[in-house]
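1. I'll drop the sequence and a predicted model, then ask my questions.
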Amino acid sequence: IVVMNAPGENTISAAEHTLSMLLAMARRIPAADRSMRAGRWEHGTTFMGVELYAKTLGVLGVGKVGREVASRARAFGMEVVGFDPVLTPEVAARLGVQILPLPEVLARADFLTLHLPLTAETRHLIGREQMQRCRRGVRIINVARGGVVDEVALVEALDSGQVAGAALDVFEHEPPSGSPLLRLDSVVLTPHLGGSTREAQEKVAARIAEQIAAYLRDGTVANAVNVEGVEPRLAPVLQPYRD
């Protein structure tokens, strides 16, 4: 059984959600909204935010989503530095991203956004030690995969002030019932909504239908998780081996 997915069709939605979370966290919009709904008018310093302009955004994983986030961050006047072990400096330069080793990105970033898959190598990539390497008051956004951030260490860093805020769309355990993150006003939380737009769902549906039709029609395999893709011109030669 060939199992396919449709990667990339929700790239724009995930990037836009990342920027939404970034802005909501920087300007403390969810907490201010809750205060208003409770009948309070806490104008002044209660919900003092920070600007994005002239701040440094560290992008961990400069793939499809990371690149779109970097592009939009530059429109806000942010400096963008990134960590990506497979991205060449030439490609990074065209994207307007300075590629650095992970410790240097952590040391320079005012905001840190994650766009990495969850693997054995990336699990708890941002843990207690990495957060201590960051500037005091760093803010962390994760719209990628739960588990890349050590949530226990994150709560400790938020309580101590080493991390000033976090915006999380994904969690180690979903839903994060009973998580101490739920009690913190400095954290913006959404229930894994990165690709939840009408446009993204339509594009995913159309792409997967096209891929399955192509497979059933002429055996073309695209974006399969358990079969290597083969160029159509090579398919007649390689098909016997695949079978």
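-> Perfect, thanks for sending it.

2. only C-alpha atoms from now on, for both contacts and neighbour counts.
-> Will do.

3. quick one, strands of this structure?
-> With DSSP state E as the criterion, the chain has strands at 56-60, 79-83, 98-99, 111-114, 138-142, 163-168, 187-189.

4. these into TSV, with extra columns for distance to Ala14?
-> As requested, these are exported to TSV (distance: least, Cα to Cα, whole Å):
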stretch	distance to Ala14
strand 56-60	14
strand 79-83	18
strand 98-99	22
strand 111-114	12
strand 138-142	11
strand 163-168	12
strand 187-189	15
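
5. can you list the ones you listed in CSV and add distance to Val149, mean neighbour count and mean pLDDT?
-> As requested, these are exported to CSV (distance: least, Cα to Cα, whole Å; neighbours: other Cα atoms under 10 Å; pLDDT from 0 to 100):
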stretch, distance to Val149, mean neighbour count, mean pLDDT
strand 56-60, 12, 26, 98
strand 79-83, 15, 25, 97
strand 98-99, 21, 22, 95
strand 111-114, 9, 25, 98
strand 138-142, 8, 25, 98
strand 163-168, 10, 24, 98
strand 187-189, 14, 22, 98
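
6. just for this protein, where's the confidence low?
-> Scanning the chain for pLDDT under 70 picks out 230, 232.

7. tell me where it has helices.
-> Ranges of helices in the chain, per DSSP state H, are 11-26, 29-37, 64-75, 89-95, 102-108, 128-133, 151-160, 198-218, 235-242.

8. quick one, which of those helices is packed in tightest?
-> When neighbours are counted by mean count of other Cα atoms under 10 Å, the highest per-stretch mean among these falls to helix 11-26, a mean of 21.
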